[in-house]
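Visitor: fold the following for me, if possible:
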Amino acid sequence: MSDQLQEIIEVPKEFLRDGLQFISKSQKPDRREFIKISQAVGVGFLIMGAVGYVVKLIHIPLNNILMGGA
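Guide: You can find the predicted model right below:
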């Protein structure tokens, strides 16, 4: 019983220890790195938007043809 309790208590302690270690090793991006990340995210948004637009552009006429146009 005591071993199980020790095990249950150890999991949050280990999680907290790992989290604090991660935070202490991480750093804020500098300006150049932030701009590169922002550009990559922006390009991703544009690509996903274009793909969604093309899919919708194809789907609407195709759906009208298949459903008999109303």
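Visitor: name the SS class of residue 32, please.
Guide: helix (DSSP: H, G, I helix; E, B strand; the rest coil).
Visitor: what's the burial count for residue 2?
Guide: As a burial measure, residue 2 scores 6 neighbours (other CB atoms under 10 Å). C-beta coordinates here come from the backbone N, C-alpha and C atoms, glycine included.
Visitor: from residue 11, how far out is it?
Guide: Counting by CB to CB, to the nearest Å, the gap between residue 2 and residue 11 amounts to 16 Å.
Visitor: and residue 5, how far from residue 11?
Guide: Taken as CB to CB, the span from residue 5 to residue 11 is 11 Å.
Visitor: also residue 31?
Guide: 39 Å.
Visitor: ok, and residue 21, which helix or strand is that part of?
Guide: helix 2-25 (DSSP states H and E).
Visitor: list the buried residues for that helix?
Guide: When burial is assessed from 16 or more other CB atoms under 10 Å, helix 2-25 yields no buried residues.
Visitor: can you list contacts of that helix?
Guide: Helix 2-25 is contacted by no other residue when judged by CB atoms under 8 Å, 6 or more residues apart in numbering.
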